[in-house]
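S.K.: build me a model:
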Amino acid sequence: MEKILKSGEGWRLGWNPQAEIHRGLVGSDDWAIELSESELDDFCRLLNQLATTMAQMAEELMEEERIACEAQSDLLWMEVEGYPEAYSLRFILNEGRRGEGFWPARVVPELIAAARVLKVF
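M.R.: I've put the predicted structure just below:
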């Protein structure tokens, strides 16, 4: 399998199976950080969990209510904040070299869609 780089306005997501340690990449137009395969797997899994939770919360909240939801693994912490249909995303790496990133609400739907199919072959 060859390396993959998916990107859109304000986000990047990559996978390089030939890399020794840091096979994944997450970023925006202004920053990027390489992730280990385990970190990338957790990133995609937790992002999908948070997206599902936000969709489910749409039925529970009033139209003007904002919400913040967190998810974490041993490797990273993630948070979405906003409305069920429009929310920002933040993450912090918990091990090794450390790092953090943020995407505004306008780019999160495309990032979620890309994460769901990044390593599907």
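
S.K.: going forward, measure contacts and count neighbours with C-alpha atoms only.
M.R.: Noted.

S.K.: need phi/psi at residue 7.
M.R.: phi -150, psi 160 (degrees, to the nearest 10).

S.K.: quick check: it vs residue 119, distance?
M.R.: 15 Å (Cα to Cα, to the nearest Å).

S.K.: so where's the protein shaky on pLDDT?
M.R.: Low-confidence segments of the chain (pLDDT under 70): 1, 120-121.

S.K.: just the strands from this protein, written as ranges.
M.R.: Taking DSSP state E as the criterion, the chain carries its strands at 4-8, 11-15, 24-27, 32-35, 67-72, 76-83, 86-93, 99-103.

S.K.: and the longest helix that the chain contains, what does it pack against?
M.R.: In the chain, with assignment by DSSP state H, the single longest helix is helix 37-57. For helix 37-57, the helices and strands in contact under the criterion 3 or more Cα pairs under 8 Å, 6 or more residues apart in numbering; DSSP states H and E are strand 24-27, strand 67-72, strand 76-83, helix 108-117.
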